[in-house]
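> Provide a 3D model corresponding to the input given below.
(chains A, B, C and D)
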There are 2 protein chains.
Amino acid sequence: MTETRKATMADVARLAGVSPMTVSRALKPGTSVSDATRDRIRAAADELGYVVDLNAAAFSSRRSGFVAMTIPSINNANFADTARGLTEGLQESGFELLLGYTDYDVAEEERLVEAFLRRRPEAIVVTGGAHTDRCRTLLQNAGVPVVETWDLPKSPIDRVVGFSNADAGARVARHLFDQGHRQIGFIGGDGARDTRGADRQRGFLHALEKLDLSSDRLVADLDPPITMREGAQALDRLLERWPDTTAVMCVSDLSAFGALNAALRRGLRVPEDIAIAGFGAYDVSEYALPGITTIDAQAHLIGSETARVILAALSEPDAKPETVNLKVGLLARRSTAVT
Amino acid sequence: MTETRKATMADVARLAGVSPMTVSRALKPGTSVSDATRDRIRAAADELGYVVDLNAAAFSSRRSGFVAMTIPSINNANFADTARGLTEGLQESGFELLLGYTDYDVAEEERLVEAFLRRRPEAIVVTGGAHTDRCRTLLQNAGVPVVETWDLPKSPIDRVVGFSNADAGARVARHLFDQGHRQIGFIGGDGARDTRGADRQRGFLHALEKLDLSSDRLVADLDPPITMREGAQALDRLLERWPDTTAVMCVSDLSAFGALNAALRRGLRVPEDIAIAGFGAYDVSEYALPGITTIDAQAHLIGSETARVILAALSEPDAKPETVNLKVGLLARRSTAVT
DNA sequence: ATAGCAAATGATACCGGTAACATTCATAGA
DNA sequence: TCTATGAATGTTACCGGTATCATTTGCTAT
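Sure thing, here's the model as predicted:
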């Protein structure tokens, strides 16, 4: 309500009888100011309702305090978990997260990265290793640590915190094979947009081939994000085309849940008539009936590891860029159990 | 890779043979610079790899370009939808979103708001009308538009974009009554933390009383966020205590889905043996089997309306603070159908 | 008591843009 | 032709902190 000019550090300094520089130090942790002075300055600041202007601080110190992150979709529990892990890991170092979502579109990612660079973030986190050429150049020239996540790019820009999506797919393929399945399908999305999903698909189909199984049973032409709706539709199409299919992997748990319910609606029993596996260890896969077999990608850990990698990179700028290859685990549930 | 000092506007100006001020204008839309000059400046900027420093710009113009928003949980599709609606609505005005999550904790909200204030956002969006006294004071004195969302606070701080959670609860209660139920329960969380959920609970129980039904069948002592796990546990406890319950509302679709599957695991039929309703129109309620009756809170619309309200408030600072009361709709699905 | 050193504080300059006002220039209308 | 007008551009000062180095203060060891 007080519509007067906002108080500045100089105002606080005057009131506390010290120099502005001392105020600056007093309000920052880890600086040497006597307790008495600090108390006096705190009191003066409170009295004036003073709040540090971090824009000014960022400008002056040439340190924005931002870490920028792009994720494909804000509305996805996996990426949200990663964002949360990153936020938590950076919190005590005083960094704030600038979060943007690309909608699974590398052109949008490029725009976002460009916008973020204007804010001079001290590190940049992107999802996956697929970028436009210009975006790649922007990231390379950013002059700050860059972390690619959720993937293991062949030519990393800088740091990496991820896992092999192809291996994850292969792991599920072998699991379904081990459960006795021989007519196995895959439900996914447009690989040009969701390259991580495409990698899982590739790894999955390749594993089928190595097991001498057909890798033709594929419905993967939908636009990401692949949600429950897409999963349900895709299962119907898959079973129309290949009615004898006994098992299917879906690119994510959300589509797996949609597929599960499409199967149940058709009167099929899961897993007796058709086994269904997903990816991502979303809550829904645990509480579905039956529970859905999935891969735990450790979304939260990706975020916290990314935070660790960033802090390490900032404290040792000349260290060799680190690649953290996380191990993902298969969660075998009833949706693929042998009956 | 070019490890030279980052180019500044002055560098671009020198190369283009104009004053820095002209560069500033040329790189901003809606300013009067001749096409020839603008092209020349753009070329010079590209040649130098120049990227505007928005921290400096924010500092100089005293306009941060930020809108700050706190939500209870980043990992919740409803709030994520609101954040998306807000982001989209603010995009073409050039605002960026500073997003933080409170974990359903008003003390954490206070800390977040305080941190955001240091970035001098041009508007602040919070979820709900419950805040610590200090947080309320901070928001009141912020000197920028404040929007409380997802609720209709009795004493709004400033602007509001929300709906009546109590009405939403009452609406579901009447629906269950209309479907013939007379032993009706509620599953929720700790109201001190999730006040919107508490409002739904209050409206629901109050409606039961007005219908001369018992409002005792209540399991609502869990810590938010109330997810599928909590919903499943709570249903078990509810049925142990009140085995003759024929219908239950859950504070959200996630807990409703958990409750649904707990019921099915017990061998109960839904809706024949027990009807279940949720809240929030999450995807899972649509694709569950049976589909779960829910309330569409229009999460995305809350976000886009909030954007509209903010832009209006910024263009007319002296206008009377607006309260947008959105109408929520009941989505009647099979989980509460008459059989 | 005093040198020596670390802790606390101060003085100065500067970060990179933009607001506000001044100036120049081209063009249209009298 | 000359002036009025608006578009294009330039000049100047300043936004609110912090880096850096200088100085003062307080304390310990001799």
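> Around chain B, which positions in the stretch 101-250 of chain A sit nearby?
Contacts of the stretch 101-250 of chain A with chain B, taken as CB under 8 Å from any CB of the partner chain, map to A:101, A:114-115, A:117-120, A:140-141, A:143, A:227-229, A:232. Where you see a C-beta, it was placed from the backbone N, CA and C, and this is true even at glycine.
> Relative to residue A:49, how far out is the residue nearest to residue A:26 when sequence neighbours are not counted?
Ranked by CB to CB, 6 or more residues apart in numbering or on different chains and with sequence neighbours excluded, the top spatial neighbour of residue A:26 is residue A:41, at 4.1 Å. Using CB to CB, to the nearest Å, we find residue A:41 at a distance of 14 Å from residue A:49.
> Can you pick out the residue with more neighbours from the two?
Between residue A:41 and residue A:49, counting by other CB atoms under 10 Å in any protein chain shown, residue A:41 is the more crowded of the two (25 against 13).
> Now the strand or helix carrying that one: average pLDDT?
If you go by DSSP states H and E, residue A:41 is part of helix A:35-48. In this model, helix A:35-48 has an average pLDDT of 92.
> helices and strands around it, which ones?
In terms of contacts (3 or more CB pairs under 8 Å, 6 or more residues apart in numbering or on different chains; DSSP states H and E), helix A:35-48 is packed against helix A:9-16, helix A:20-26.
> Now do the first one: everything it contacts.
Pointing back at helix A:9-16 there. A:19-20, A:22-24, A:37, A:40-41, A:43-45, A:47-48, A:50, A:52 (CB atoms under 8 Å, 6 or more residues apart in numbering or on different chains).
> Over to the shortest one?
Applying CB under 8 Å, 6+ apart, the external contacts of helix A:20-26 come out as A:9-10, A:12-13, A:16, A:18, A:31-33, A:37-38, A:41-42, A:45.
> is it anywhere near DNA strand D?
Yes. Using CB under 7 Å from any atom of the strand, helix A:20-26 reaches DNA strand D at A:20, A:21, A:24.
> tally of neighbours for the last one?
Neighbour count for residue A:24, taken as other CB under 10 Å: 19.
> In terms of secondary structure, what does the helix or strand harbouring residue A:330 contact?
With elements delineated by DSSP H and E, residue A:330 resides in strand A:329-331, which encompasses its position. Other elements packing on strand A:329-331 under the criterion 3+ CB pairs under 8 Å, 6+ apart are helix A:165-178, strand A:294-296.
> so can I have CSV of these showing mean pLDDT and mean neighbour count?
Conversion of the helices and strands packed on strand A:329-331 to CSV gives the following (pLDDT from 0 to 100; neighbours: other CB atoms under 10 Å in any protein chain shown):
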stretch, mean pLDDT, mean neighbour count
helix A:165-178, 98, 22
strand A:294-296, 98, 24
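> Throw the ones you listed into TSV and include distance to DNA strand D, thanks.
As requested, those are arranged in TSV below (distance: least, CB to the nearest atom of the strand, whole Å):
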stretch	distance to DNA strand D
helix A:165-178	41
strand A:294-296	41
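> hmm, back to that, double-check the residue nearest to residue A:26 against residue A:19; I have them as touching.
No. Under the criterion of CB atoms under 8 Å, residue A:41 lies out of contact with residue A:19, with a separation of 10.7 Å.
> pLDDT score assigned to residue A:1?
The pLDDT attached to residue A:1 in the predicted structure is 36.
> I misspoke; the intended subject was residue A:4.
We have a pLDDT of 61 for residue A:4.
> Residue A:30 too?
77.
> hang on, it is in a helix, isn't it?
No. Assessed with DSSP: H, G, I helix; E, B strand; the rest coil, residue A:30 is coil; it does not lie in a helix.
> Low-confidence regions, chain A specifically.
Residues of chain A meeting the criterion pLDDT under 70: A:1-4.
> if we can go back for a sec, taking the residues of the stretch 101-250 of chain A next to chain B one by one, which sit in helices?
With helices taken from DSSP state H, the overlap with these comprises A:114, A:115, A:117, A:140, A:228, A:229, A:232.
> Burial check on the first one, number of neighbours?
Each residue near residue A:114 was counted by other CB under 10 Å, and the total is 13.
> which residues does it contact?
Contacts for residue A:114 (CB under 8 Å, 6+ apart) come out as A:138, B:51.
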